[in-house]
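Participant: Here is a sequence with its predicted model. Questions after.
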Amino acid sequence: MKRMPRFLPTAAAHSVPRLLTFVLLWLCWVVPGWAATFPLPASDSNIVGRLRVVTADARNTLLDIARHYDLGYEEITAANPGVSIWLPGEGTPVIIPAEFILPPRPWKGVVVNIPQRRLYYFPRHTAAEPAMVVTFPIGIARPGWPTPLGSTRIIAKYKDPAWIVPKDIQAEHRSQGEADFPDYFPPGPNNPMGMLALQTGFSQIFIHGTNRPWGVGMEVSHGCIHLYPENAAYLFERLPVGTPVRIINQPVMVGYKNHQLYLSVSTPVGEYPGDQDSLLMRAIDEVSRTRNQEWPNIDWDRVRQTVNARRVMPVPVSVGAPDLDDLIASITPQKYDVAPYGIEANDAAPPDTPR
């Protein structure tokens with residue numbers, strides 16, 4: 001959420017039962033196992049992760065599968081057009097678009113790419129440790145509430161905040177027919193601010209959990225960055241005050257690995273200067289700028305097709321490179337048999353166990 005004239009941390013006078021509940025939740029939060037963590041690639045690549053294919057079972061929704069693999073709504077639905085969100089169906093192949101082109105360097109602190117709807121965290125490491133990147137899907141701002149672009153830092157951290165709703169947000173909700181929309185949300189799992197929040201140096205902009213986790217990957221906030229509750233817990237534990245944060249608007253991403261160029265295209269959010277420019281021209285400019293004598297020639301027809309289809313998965317666009325659909329068809333599907341999250345996971349508390 002955005003525009004918070006007053007942000008209230010949990011009072012020390014909370015009851016003992018509530019304190020015990022919070023402690024138990026905190027123990028769940030710090031259990032590792034949720035993060036989409038990858039080694040940073042060598043200098044001749046900027047792509048991490050890999051595509052997967054799973055077969056759905058009768059219990060899970062497409063959103064259950066997305067959350068398990070740290071994907072958001074836009075990513076999972078764009079990768080699986082025609083697949084029902086709520087009833088994929090027993091045995092239905094589901095593409096897991098867990099391959100990502102990293103944001104432009106420098107790779108340090110937190111980088112948020114708004115149209116890509118992803119956050120990247122580059123932990124500090126010593127010379128004896130491998131460099132890693134952790135990436136999460138995010139909910140972004142709805143039209144009319146753009147998130148500021150540029151560089152800032154984490155300036156404060158809040159556990160279990162309360163939220164006094166700004167007047168303009170109250171007015172917006174009530175104009176939409178929510179006459180009883182509260183002007184105050186107490187701490188807890190029903191708070192839109194989530195149960196953990198990281199304040200950035202941009203005025204009233206936070207990176208935080210959400211009480212509506214199924215909205216991650218959609219345009220849902222008033223400028224803040226929304227995370228699945230378990231991902232908010234992961235970052236809250238690891239990001240100290242002072243961590244650099246860079247927020248960018250880059251719908252066209254060019255990647256490279258194994259002497260092949262890749263292109264990823266996200267739908268522009270429409271709130272920033274230049275967003276109405278031709279995506280095709282932006283893709284041509286980005287590919288031309290990245291290409292050099294070491295890279296193969298470019299299949300410009302495939303570039304055009306990738307732009308027109310808004311393929312968020314990295315698509316190989318070098319001449320003679322395999323087609324993305326052929327690459328996906330070559331992947332052996334794995335059975336997805338993880339228990340669904342359930343209605344109890346539709347609030348700001350992290351799931352009880354790692355998934």
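Facilitator: Arrived safely. Residues are numbered from 1 along each chain as shown.
Participant: Show me the domain layout of this protein.
Facilitator: In terms of domains, the chain is parsed into 7-34+117-248, 38-100+333-345, 253-321 (source: automatic domain parsing).
Participant: Dihedrals phi and psi, the residue nearest the centre of the chain?
Facilitator: In the chain, the residue lying closest to the centroid (Cα atoms, centre = their mean) is P137, at 1.4 Å. For P137, the backbone dihedrals are phi -70, psi 160 (criterion: degrees, to the nearest 10).
Participant: Now do it, the pLDDT please.
Facilitator: Confidence at P137, expressed as pLDDT, is 98.
Participant: The nearest residue to it once chain neighbours are set aside: neighbour count?
Facilitator: Sequence neighbours aside, G72 is the residue nearest to P137 in space, at 3.1 Å (criterion: Cβ to Cβ, 6 or more residues apart in numbering). Using the backbone N, CA and C atoms, a C-beta is placed for each residue, glycine as well. Per other Cβ atoms under 10 Å, the neighbour tally for G72 reads 26.
Participant: likewise G270?
Facilitator: Neighbours around G270, by other Cβ under 10 Å: 11.
Participant: D352 too?
Facilitator: Applying other Cβ under 10 Å, we find 12 residues neighbouring D352.
Participant: pLDDT score for it?
Facilitator: Note on D352: pLDDT of 72.
Participant: isn't there a strand covering it?
Facilitator: No - read with DSSP: H, G, I helix; E, B strand; the rest coil, D352 is coil and lies in no strand.
Participant: quick one: it from D337, how far?
Facilitator: If you measure D352 against D337 using Cβ to Cβ, to the nearest Å, the figure is 19 Å.
Participant: quick one, helices of the stretch 1-150 of the chain?
Facilitator: Taking DSSP state H, counting those that start in this stretch as the test, the helices found in the stretch 1-150 of the chain are 16-29, 62-68, 73-79.
Participant: any idea which of the ones you listed scores lowest on pLDDT?
Facilitator: Among those, helix 16-29 has the lowest mean pLDDT, at a mean of 36.
Participant: one step back: the residue nearest to P137 contacts G139, doesn't it?
Facilitator: Yes - with contact defined as Cβ atoms under 8 Å, G72 counts as touching G139 (7.3 Å).
Participant: Quickly list what's touching both of those two.
Facilitator: When Cβ atoms under 8 Å, 6 or more residues apart in numbering defines a contact, the residues bordering G72 and G139 alike are R117, V216, G217, M218.
Participant: And the pLDDT at the first one?
Facilitator: When you say that, I think you mean R117. R117 carries a pLDDT value of 97.
Participant: Quick check: phi and psi on it?
Facilitator: Torsion angles, degrees, to the nearest 10, at R117: phi 60, psi 50.
Participant: How about the contacts made by the nearest residue to F38 once chain neighbours are set aside?
Facilitator: Spatial nearest neighbour of F38, chain neighbours left out: V48 (3.9 Å); criterion: Cβ to Cβ, 6+ apart. Residues in contact with V48 (Cβ under 8 Å, 6+ apart) are F38, P39, L40, P41, E99, F100, L102, V133, T135.
Participant: export those residues to CSV and tack on distance to P186 and neighbour count?
Facilitator: Conversion of those to CSV gives the following (distance: Cβ to Cβ, whole Å; neighbours: other Cβ atoms under 10 Å):
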residue, distance to P186, neighbour count
F38, 38, 18
P39, 42, 10
L40, 41, 16
P41, 45, 16
E99, 41, 19
F100, 37, 26
L102, 39, 23
V133, 36, 21
T135, 32, 25
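Participant: Show the contacting residues for R238.
Facilitator: R238 sits next to Y121, P123 when contact means Cβ under 8 Å, 6+ apart.
Participant: Distance check, it against E230.
Facilitator: Using Cβ to Cβ, R238 is found at 13 Å from E230.
Participant: and if you look at V303?
Facilitator: V303 sits 37 Å away from E230, taking Cβ to Cβ as the criterion.
Participant: quick one, which of those two is more surrounded?
Facilitator: Neighbour count, other Cβ under 10 Å: between V303 and E230, E230 has more, with 24 against 21.
Participant: Got the phi and psi for the more buried one?
Facilitator: phi -70, psi -30.
Participant: Beta-bridge partners for the closest residue to T210 other than its chain neighbours, please?
Facilitator: Excluding the flanking residues, the one nearest T210 by Cβ to Cβ, 6+ apart is H226, at 4.4 Å. For H226, the beta-bridge partners under DSSP bridges are G139, H208.
Participant: and if you look at I154?
Facilitator: T200.
Participant: Show the contacting residues for the residue nearest to T210.
Facilitator: H226 touches I138, G139, I140, G194, H208, G209, T210, G215, V216, V220, counting by Cβ under 8 Å, 6+ apart.
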